[in-house]
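Enquirer: show me how the following folds:
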Amino acid sequence: MARESKVWQRTEPERAVLVKLVTTARQDGHVVTDEEAKASLDELAALADTAGAVVVERVVQRRGEIHPATYIGKGKVRELAQICAMTGADLIIFDHELSPAQVRNVENETQARVIDRTELILDIFARRARTRQAKLQVELAQLRYELPRLRHLWTHLERQRGGIGLRGPGEQQLEADRRRAQQRIRALEEELKRIAQRKEQQMRGRVMMTTIALVGYTNVGKSALMNALTGAAVFTENRLFATLDATTRVLRLPDGHEVLLTDTVGFIKNLPHHLVASFHATLEEVRAADLLLHVVDVTHPDAAQQMKAVNGVLKELNCHEKPQLLVLNKCDLLPAPLPPEEIRRTFGEGILTSALTGQGLSDLRERMMLLVRQWQVPVEVEIPVTDGRTLGEIGRHGTIVRQQVEGDRLRVRALLDRRFAPRVAPLQVAKKIDEK
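Expert: A predicted model of the protein is given here:
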C-alpha cells in the first residue's frame, strides 16, 4: 500500500533576492545605464510582488561577459550566499533566462531556490489563469519551457552510464518523462485548437461589426479603461497581469454606431515566446481587430521603453501595421499638466485620459468615431415605415444621416459599417450617395 504524502502549505511569503547582470561587452554598442538597470529590477520586483514574494535585497553585477557555469561571477555567487544567510532569503530571482546547469550551480552554493525571469512570469500566469482556456495555455507554455531542459537535467547520468549497453535507469526515466511531456503537449494543442475553432465561430458571428482592441504594457489601466468606456465589470488590480482572458463588450460611439471593444492580456519586456505561442487563441483578438488602442501609463518613468516593448510584440504578431490610436492613461496622477509639445515630443500624437476620473474619455470616443467612419460606406435604402427592426440594425451598425417618409415607405440615408452594408444591399435604391 502506497504511503500517503502530505502537502505542506507555506504560511509566510518567500523572501527573495533579485539579481541582474549587466554585461559591458555589447554587440550593438549599447551599454545598459544604471537607470535602465534600476528600472529593470523595479519591474522584476513588481513581478515578484505579484507572485507573492517579499524582496529583501537587490544585487547588480557588471562584468565583461556571462559566466558559463553560474551566469554571474563566482565571487558574486559567494556574496549572494552571504546575503541569503544574513537576510533569511530562500529564493533568488535572476532577471535573465538561466540554463539548468547554472540554476543548479547557484543553488548548490547559496542553498536557496533559484528561478529566472521566465519561470517567474509563467508562475504568475498560472496563478492568474481563471478560465479553462487560460489554464490550458499556461500549462502548455510551462511544458514547452521545461521540455528542452529535461535532457540537460539528466546529462550527468548519461556521462556516468553512457555508451552501448550501459544506459541506466536515469536515462530510461528521462525518456519516460520526455514522452509523457510530449504526449501532454499534443493533447493540450489539440484541445486549444478546438477552443480556437469555437472562438473563430463566435468571431465570425460578430464579423459585421467593427472591432477595436485595447493593447498595452501590463498594468497601464486597460481593464479600468474598458470598464469606464463600456460599463463592463472586468477585474482590475494595481498589479501586473491582473487579467489574462480577453473580454469583449459593445461600445456605443457618440453618433450611436456600435462597435466591439476587446480587452487583451498585457504585454511586458522580454515576454517569454512560449507564452506568445501558447496564447495564440487569446491574441487572435488583436489580429482580428480593425483598430488598436495602444494604452500607455503616462506617469511611468519607463513609458517610452514600454511602448517599444509593446510594438515589438505587435510586430511578432504581424499586427504592427494596423491602425493605432495612442491613449495616454492615468493623466490624473501627473504632478502637473503636460504641455502639448512635450507630450508630442515624448510620446507622439496621443489622447490624455483617466479611467478613474473620466478625463479625456469623451475626446477618445470622438477620435474613435472619426477613425471608424473611415471604414463606413454611404448607402440609401428604402424600407416599410413599420420595419423598426431593420431601422434599428442600421442605427447599430452605422450612422443615420437622414430619414424621409414617402407614403408607407421610409427612405434612409446612412453611413454603414463596410461589413454590414452587404446585408442591406437588396434594400438599396442607390449604390452610393454623398453624406449630407
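
Enquirer: ends of stretch 127-135, how far apart?
Expert: This stretch, stretch 127-135, spans 9 Å end to end (C-alpha to C-alpha, to the nearest Å).

Enquirer: report the distance from it to the chain centre.
Expert: Remark: stretch 127-135 is offset 14 Å from the chain centroid, using C-alpha atoms, centre = their mean, to the nearest Å.

Enquirer: got it, and stretch 355-369?
Expert: 23 Å.

Enquirer: start and end of it, how far apart?
Expert: Termini of stretch 355-369 sit 19 Å apart (C-alpha to C-alpha).

Enquirer: can you list the buried residues in that stretch?
Expert: A355, G360, L361, L364, R365, R367, M368, M369 (16 or more other C-beta atoms under 10 Å). C-beta: built from backbone N, CA, C; applies to glycine.

Enquirer: ditto for stretch 138-148
Expert: V138, E139, L140, A141, Q142, L143, R144, Y145, E146, L147.

Enquirer: could you pull out the strands for the protein?
Expert: 15-23, 54-63, 91-94, 113-116, 211-216, 247-252, 258-263, 291-297, 324-329, 351-352, 376-384, 398-406, 409-417, 428-430 (DSSP state E).

Enquirer: would you mind giving these as CSV with distance to E285 added?
Expert: Formatted as CSV, these follow (distance: least, C-beta to C-beta, whole Å):
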stretch, distance to E285
strand 15-23, 33
strand 54-63, 34
strand 91-94, 31
strand 113-116, 29
strand 211-216, 6
strand 247-252, 7
strand 258-263, 5
strand 291-297, 11
strand 324-329, 15
strand 351-352, 22
strand 376-384, 22
strand 398-406, 23
strand 409-417, 18
strand 428-430, 32
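
Enquirer: the bottom helix or strand of the protein by mean pLDDT?
Expert: Of the helices and strands making up the chain, the lowest-confidence element is helix 155-161, at a mean of 43, by mean pLDDT, DSSP states H and E.

Enquirer: circling back: with distance to G395 and pLDDT as extra columns, can I get the buried residues of stretch 138-148 in a markdown table?
Expert: Shown next, in a markdown table, are these (distance: C-beta to C-beta, whole Å; pLDDT from 0 to 100):
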| residue | distance to G395 | pLDDT |
| --- | --- | --- |
| V138 | 41 | 85 |
| E139 | 44 | 88 |
| L140 | 43 | 89 |
| A141 | 43 | 87 |
| Q142 | 47 | 87 |
| L143 | 49 | 88 |
| R144 | 47 | 87 |
| Y145 | 49 | 86 |
| E146 | 53 | 84 |
| L147 | 53 | 83 |
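
Enquirer: and R167, what's its pLDDT?
Expert: For R167, the pLDDT comes out at 47.

Enquirer: please read the previous query as pertaining to I93.
Expert: 94.

Enquirer: what's near enough to touch it?
Expert: A16, V17, L18, V19, L44, A48, A53, V114, I115, D116, R117, L120 (C-beta atoms under 8 Å, 6 or more residues apart in numbering).

Enquirer: tell me how many other residues crowd the first one.
Expert: Going back to what we said before, that points to A16. 29 (other C-beta atoms under 10 Å).

Enquirer: equivalent analysis for the fourth one, please.
Expert: Residue crowding around V19 was assessed by other C-beta under 10 Å; the count is 27.
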